[in-house]
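3D, please:
(chains A, B and C)
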Amino acid sequence: MFAYVVRRIIQAFFVLLIVMLLTFSLPYFQVHGIRAPAYTVLGTKATPYNVAIWAKQHGMDHSYFDRFWTYATQVLFHFNLGRSYKENSSVWGIISLYVPRTIWLAAVSLALTTIIAIPLGIYQAARRNTVGDYTATGVAFVLYAMPSFLLCMLLLDAFSFHGPHLPNSPPQGVQAWAMFTSPEGFILPVAALTMLSVAGLSRYMRGTVLEVLVQDYVRTAKAKGCSSRRTLFKHAFRNALGPIIVLLGLSIPALLGGALIIESVFNYAGLGIQTVFAAENLDVPTVLGITLLVAILTLLGNLLADIALGLVNPRIRIEGTKA
Amino acid sequence: MTDLTERERVSPIEPPDPPTTLSTDDQIVPMWRQRLRIFFHNKLAVASVVFLFLTIAACFLVPVLHPTNQTNQAATFGLPWNAAPSWHHWLGTDSSGFDELGRIFYGGEYSLTLGFVAGFITIVVGTTYGMISGFAGGITDTLMMRLIDAFLSIPYIFLLITLIAIFNRSTVFLICIIGFTLWWGNARIIRGDALLIRNLEYSQAATAMGARKWHIIRRHVFPNSISNIVTVATFSVADAILFLSALGFLGLGIQAPQTDWGTMLQAGTSQIQNGFWWEIYPLALVFILVVVSINYIGDALRDCFEVRLLER
Amino acid sequence: MHFGRKLRLAVTVGLSACALSLGLIAPTVSGASAPAASGTLTFAEGATANPNWIFPFETCQYCSVDNINQFQDEMFRPLYWFGLGDSVTLVSSLSLAKLPVYSRGDKTVTLSLKGWKFASGQTVNAQSVMFFLNMYKALPADFWGYNPGYGIPDQVSSVTHTAMAVTINFKTVVNPLWITNNYLDQITPFPDTWDRTSSGQKSSCATGAYGAASTKVACTNVYNYLNNLSSQTTSYTGSLWQSGDTGPWRLTSFDNLGNLTFQPNPHYSGPVKPTIKYVKEVAYTTDQAEENDLQAGKIDLGYVDPGVLTAPAPAPGKVGPNWGNLASKYNLATGIIWGFNYMPFNFSSGDPKLELVNQLYIRQALQESTDQTGVVKNVFKGYGFPSYAPLPAIVPAVLSKTIANPYPFNLTTAEALLTSHGWTMQGGVMTCTSPGTSATQCGAGITSGEALSFSVIYASGTPALTQEVTAEVADWASIGVKVSTATEGFNAVIGDCAGTTYSLCFWGGGWTFVPNYDPTGETLFAVGGGFNVGDYNSPTMTADIKATDFGHSNLTGYATYAAQNLPVLYEPEATPTGEIIKTLHSKIGFAGSPILNFMPEYYYW
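Numbering: from 1, shown residues only, chains lettered A, B, ... in the order given. This is a model prediction of the structure:
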């Protein structure tokens, strides 16, 4: 187990290097070359002199490999992600400002998703091909198919501008944990994000439980005379938990990316908006820093999911997962 | 998705309840007919196919048979914008003054083309990559899979926007980046298949008998993972259409004066508060139905390719 | 001096009237209903356009409306204040100095300070003006207002001062209007408390001799210290920045998202003391989110996308019925903008169609087939003006006569212009069939069989801009000019305008003469001008511009030539559509600010 974790961490490190290389290289392929960031940062009022100074300050006059090496060492050995081209902040400042906000939103939604999706999946699998099953599948499919901005606008229209008049956005200028001090502002954004991820997961959830239900050991348990409820929860639930954990671990990038639309509609400045803004402004250090961070979170999520899997389901020999 | 889920996904399933209609057949029927039969047994899937076919036909035929002005913005000057449905405009006009009904078909042409082409690219690239990785095994496999890990850990939408910010966007470019960035998940699934099948007795037997690797891929691995390939392909089409719509929301959809459903939906949502229902709900309905029916078809295909549901 | 940022890409929806949202007050407020109990005024910042720089000596990386007009100006008043209500003229009563006195045949200007106070208690004296001038002289390229070869500091020969007056001597005769409006108004007096190189180390940037090498070193060090401090937003509400307050407001809270609060500056020595207790500026991720907050009634001053308005404006500059969902709580407001809108032609050698762009008759054909009034009426819902010259839509006679539109919209004459120059329509595209340089031939460098085609790059993500460009492209196509379009984000387009392979580029916001209130053209069209993005090069134009800057000509000659010679393709200018809550009152009679002032000290509940 320990050796396995170590190996995974080493592999994850190399994956990170690949991510770094990929993201770092992308701007070099852009049609207007690397001078584009200088102009988008300084405006066209920038004289060639200003651009030259800027380029020198940001190491643009060095070769590609030099610059990657500088960046990699700076990140890996000094944990320094650099300074944003566009914002008046270091990249770490941007991350520490926006990441907690997005993480809280994502974490609460993830928790709600788990609470809703797992029982729903079990219910659907146990009562498969009933009206309830069909309805749940239908609703999930529709939610999945609905563009998220449309869902957000419909929610706003129904619950904020009309109906119960819930707040249309979280309170402004508050700390990341405001979700717990003034929760009513977060009802709609959290609901929207949860609905989206339940819809995304439910495609797998029912199938996963179903697959477990027809496994031999479950049938054996039934044959032994276990009550169906007991079978469902003791055996099916435990075994279905594995793939679900993995799925949840894997959904981190999707959650952070999916929060983008939520953030823009509900005026909750977070990682998604900030990344899009940085990308559009060719703010390379910010895009790089955030991508690396999300990659680390995802890899961590995967690793934890696998370890959790081993704990939940000792039948699976983790060592055997090697390709 | 880790290696574990892939195995679970393809682990043997007992058929839940074999459709009873099949058991009335006594003589052996060819596999493809059995599959068709299973597929057509699924009423929802059949309805989805019919709906999808009609929509595609309408999107490609209506703009030709009954052309409406959808590109000449100057020609809409002086005509009513946001007009309510009337005899002349069955679904009114949109916030740019174009005929809404005609625009649904016109935009569908782009959304559907892009969805299907991108889905196709996805599956070709994903399958090839997955097959090679799964079959090669060893260090090649590890390297190829870690590369996939790297791709998968970058939030997809961020990557897309970065790419669009860096390169200019054209329709071909949008198809390519959606196609070439959506295949990673598929590659993992296919690779899981390849891995599993490679280790099955018959392909090991084939290897023992001296069959070449390529032969094994072609004759054993590929046919046996066709179920996953087809299923994944349909879902990819739906995902590509959804991603395009998200790009439309961000103002990065198909280049004007062409349009796509996402861009139209985005324009429509800004008119929700004005009560211009015709600019949003009809299109939303079509859009959702198309994505849902593609998903239903995918589900049905998964069922009918499930070998254990077949009768020998 | 801004390229208009109102159409900056805001990730998403809507005409981002963000930069223009401020200072727009409803023209009438009926009956003034119950006074609000709250002493807080909430103001919507533009989407993703939030203040992030406090030091009022910055490069154009931070020279945005949200940093200067909505933020720094509230605290650090410039030497000369322009604009009150809907005016754009110098407001003597709000300025830190008496009106400038020109002498020596307009080669010298004397600025006499009034003796107002910084919040630190220091009098705003000659030394605090010298502080700014010394820093400008030392680091001209680090200030956004710098124009190489023009005005301050490049045309300054010497500066002397007494205790309360600064005398600036110029190398040449200058146009007083130009210097006052475009340079003196950019001077922000700095307090002595800022003259330091660390929190305890005093320096001599304020006291040093103008232009001396030691002053340059001192100022560079002070600049580095203040610049570094300004890059740490936690310092913004600290005593160092607050000690420099000359304006009516003091910053009391600021977060990195761009939300901030002003409270009245108790040491403000000007005539208009604030009555509102708190002014809150709120940051937005998207215009959609701002619109949602308006509907929820959360903000007092906001803006709305004209695209959602169901009824058009009755006439340009006049306000129409408000959006139905807001009409009960808010008044709609509009005004003119002290600017114009345009697409620069690319005259640089990188333009693959340079030979086409170089022909005036081709530019003229494009301009004549640009339906500006149609765009204003249909796309902007009447909230906009056509532009025919590089001047604001309405200018006082002292600046320039009204420039008549030399090239009115007419597709027939536009097409005839092409056919009379040796072009023939072939398969829907004009093709040169008579190459040569005579008056009836295509022109220099154009080959036989060459198609009349261009590429345009414009900013993506704004429906109104997309509609505008696609409508124009359709009209151009109808006279046989094939124009292909590409889009990029707002900032990337600005970057692309500078000498890339596109023949035209359009960021959508045009140019706003703020805070260079005299709409001269040295920045836009002079050779080497800071924002001459198309590399336009015309000796006539440069001479016309110099006559307005270094002579006493008004702008009529320059503007007429610019209107006729088409260095840029003129485009209609959208005017802002602000929303003002009905319970708010103003002492300056509710009128829109064309120069984007935000003056909450005039508001009361």
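
what's the pLDDT at A:Ala240?
On the pLDDT scale, A:Ala240 is placed at 69.

can you tell me if stretch C:488-496 touches chain B.
Yes. Residues of stretch C:488-496 contacting chain B under C-beta under 8 Å from any C-beta of the partner chain: C:488-489, C:492. Glycine gets a C-beta too; all of them are placed from N, C-alpha and C.

select from those residues the one having the most neighbours.
Comparing the residues of stretch C:488-496 next to chain B by number of neighbours (other C-beta atoms under 10 Å in any protein chain shown), C:Glu488 comes first, having 30 neighbours.

that residue is in contact with C:Val456, isn't it?
No. Assessed by C-beta atoms under 8 Å, C:Glu488 is found out of contact with C:Val456, at 11.4 Å.

let me see the backbone angles for B:Lys43.
Per-residue torsions, B:Lys43: phi -60, psi -40 (degrees, to the nearest 10).

also C:Phe254?
With angles defined as degrees, to the nearest 10, C:Phe254 sits at phi -150, psi 130.

who's it bridged to?
When bridges are called by DSSP bridges, C:Phe254 pairs up with C:Leu260.

residues near it, how many?
Count around C:Phe254 with other C-beta under 10 Å applied: 23.

C:Asn516 too?
23.

please apply the same query to A:Ser25.
11.

residues contacting it?
A:Phe68 (C-beta atoms under 8 Å, 6 or more residues apart in numbering or on different chains).

tell me the buried residues in the one helix or strand it maps to?
In this assignment (DSSP states H and E), A:Ser25 forms part of helix A:2-25. Buried residues in helix A:2-25, counting neighbours by 16 or more other C-beta atoms under 10 Å in any protein chain shown, are found at A:4, A:8, A:11-12, A:15-16, A:18-20, A:22-24.

show the average pLDDT along it.
On average, the pLDDT along helix A:2-25 is 83.

let me know how buried the residue lying closest to C:Asp195 once chain neighbours are set aside is, in neighbour terms.
Nearest non-adjacent residue to C:Asp195, counting by C-beta to C-beta, 6 or more residues apart in numbering or on different chains: C:Ala206, 4.5 Å away. By the measure other C-beta under 10 Å, the count of residues near C:Ala206 is 27.

so where's the stretch 301-450 of chain C shaky on pLDDT?
Filtered on pLDDT under 70, the stretch 301-450 of chain C yields no residues whatsoever.

and whichever residue of it sits closest to chain A, what helix or strand is that in?
The stretch 301-450 of chain C approaches chain A most closely through C:Asn325 (7.8 Å), counting by C-beta to the nearest C-beta. Under DSSP H and E, no helix or strand contains C:Asn325.

state the phi and psi torsions of it.
Dihedral angles (degrees, to the nearest 10) for C:Asn325: phi -70, psi -20.

pull up the gap between it and C:Ala296, please.
11 Å (C-beta to C-beta, to the nearest Å).

same thing with B:Leu101?
When B:Leu101 is compared with C:Ala296 (using C-beta to C-beta), they lie 34 Å apart.

higher neighbour count, those two?
B:Leu101 (20 against 17).

so who does the more buried one touch?
Contacts of B:Leu101 (C-beta under 8 Å, 6+ apart): B:68, B:89-91, B:282.

now, which of the buried residues of helix A:2-25 sits nearest chain C?
For those, the nearest to chain C is A:Thr23 (18.1 Å; C-beta to the nearest C-beta).

quick one: contacts for that closest one?
By C-beta under 8 Å, 6+ apart, the neighbours of A:Thr23 are A:287-288, A:291-292, B:154, B:162.

if we use 6 Å, what do you get?
Residues counted as contacts of A:Thr23 (C-beta atoms under 6 Å, 6 or more residues apart in numbering or on different chains) are A:288, A:291.

ok, residue 137 - how many residues close by?
Let's take chain A. 20.

looking at chain C here, not the other one
21.

could you report the pLDDT at it?
94.

again with C:Gln288
We have a pLDDT of 85 for C:Gln288.

got it, and A:Gly207?
Per the predicted model, pLDDT is 71 at A:Gly207.

tell me which element it falls in.
Going by DSSP H and E, A:Gly207 is in helix A:187-213.

and that helix, what's buried?
A:187-213.

elements contacting it?
Packing contacts for helix A:187-213, counted by 3 or more C-beta pairs under 6 Å, 6 or more residues apart in numbering or on different chains; DSSP states H and E, involve helix A:91-126, helix A:131-145, helix A:148-156, helix A:238-250, helix A:252-265.

which one of the ones you listed is the most hemmed in?
Of these, the one with the most neighbours on average (mean count of other C-beta atoms under 10 Å in any protein chain shown) is helix A:252-265, at a mean of 26.

does any part of whichever helix or strand comes after it sit near chain C?
Per DSSP H and E, helix A:252-265 leads on to helix A:271-280 as the next helix or strand towards the C-terminus. Yes. Contact of helix A:271-280 with chain C (C-beta under 6 Å from any C-beta of the partner chain) involves A:273, A:276-277, A:280.

just give the number of residues close to A:Val51.
Look at A:Val51: counted by other C-beta under 10 Å, it has 17 neighbours.

hang on, it is in a strand, isn't it?
No. With DSSP: H, G, I helix; E, B strand; the rest coil as the criterion, A:Val51 is helix rather than part of a strand.
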